[in-house]
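S.K.: After the sequence you'll find the predicted model.
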Amino acid sequence: MIFVCTKFTVMKLTSFLIEAHIFRQSQNGDIEFLLLKRAEDEKYPGIWQMVTGSNKKSEKAFQTAIREIKEETGLVPKKMWVVPNVNSFYEPGKDYICMVPVFAALVENNSNVAVSNEHTEFKWAGLDETKKLLAWKGQRASVDTIHEYFTKEKSFLNFVEIKL
């Protein structure tokens, strides 16, 4: 944990969560994102989201993403990348800023999704529908970035692939 000091306050900066966008590619080169609907007894009930989760002790963020993907969907990524942006949010109760690394995970087109009890349903959606259903601007920006990288003939982005 890092503390950002100013003359007046000390702000905690932490990172213990991940965001993993699972996608599959169609024959025509477009991609679909896997969205999961939060269960009613979970935080943010009923919202659509990508895979999210918390690090376990001494677990690296990409290891958390792989584990959470398996736990929440039953899927195993074929390939996985670090998306070149980090989402963040402020937690007022504990007065910290949390930095959230973002991952993109490619799965086979015919993969069977098995949602965990954290979610009630899933759907595969194209870019426009995905952006309409995601609640936070940073998540929508991540989807735009992933879509651009995997569908444009020439992209200036640089995704780092994680060796699985």
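M.R.: Received, thanks. Small disclaimer: the values here were computed from a predicted structure and weren't measured. Residues are numbered from 1 along each chain as shown.
S.K.: I'd like to know how far Q27 sits from N109.
M.R.: Going from Q27 to N109 by Cβ to Cβ, to the nearest Å gives 9 Å. For every residue, glycine as well, the C-beta is placed using N, CA and C.
S.K.: Sorry, wrong one. I was asking about E121.
M.R.: 20 Å.
S.K.: hey, where'd the strands end up in this structure?
M.R.: Per DSSP state E, the chain carries strands over the ranges 2-5, 10-14, 17-25, 31-38, 48-49, 51-54, 79-91, 96-106, 119-125, 160-162.
S.K.: Same list, those, but as TSV with mean pLDDT and mean neighbour count please.
M.R.: As requested, these are exported to TSV (pLDDT from 0 to 100; neighbours: other Cβ atoms under 10 Å):
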stretch	mean pLDDT	mean neighbour count
strand 2-5	58	10
strand 10-14	82	13
strand 17-25	97	23
strand 31-38	97	22
strand 48-49	98	22
strand 51-54	96	18
strand 79-91	93	16
strand 96-106	95	20
strand 119-125	97	16
strand 160-162	92	13
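S.K.: between the ones you listed, which gets nearest to E72?
M.R.: strand 51-54 (5.1 Å; Cβ to Cβ).
S.K.: For the closest one, which strands pair with it and how are they oriented?
M.R.: Partners of strand 51-54 in the sheet, by DSSP bridges, are strand 17-25 (antiparallel).
S.K.: Okay, angle between the strand it pairs with and strand 31-38 too, please.
M.R.: Put simply, strand 17-25 runs at 130 degrees to strand 31-38, going by axes from the mean of the first three to the mean of the last three Cα atoms, to 10 degrees.
S.K.: Off-centre distance for strand 17-25?
M.R.: 5 Å (Cα atoms, centre = their mean, to the nearest Å).
S.K.: Just the CA atoms of it, as PDB, please.
M.R.: Extracted in PDB, the C-alpha atoms of strand 17-25 (Å, rounded to 0.1, in the frame of the first residue of the first chain):
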ATOM      1  CA  LEU A  17      -9.000  -6.100  -7.200                       C
ATOM      2  CA  ILE A  18      -9.000  -7.200 -10.800                       C
ATOM      3  CA  GLU A  19     -11.200  -6.700 -13.800                       C
ATOM      4  CA  ALA A  20     -11.200  -9.400 -16.500                       C
ATOM      5  CA  HIS A  21     -13.000  -9.100 -19.800                       C
ATOM      6  CA  ILE A  22     -13.700 -12.400 -21.400                       C
ATOM      7  CA  PHE A  23     -14.300 -12.400 -25.200                       C
ATOM      8  CA  ARG A  24     -14.600 -14.700 -28.100                       C
ATOM      9  CA  GLN A  25     -13.900 -14.000 -31.800                       C
END
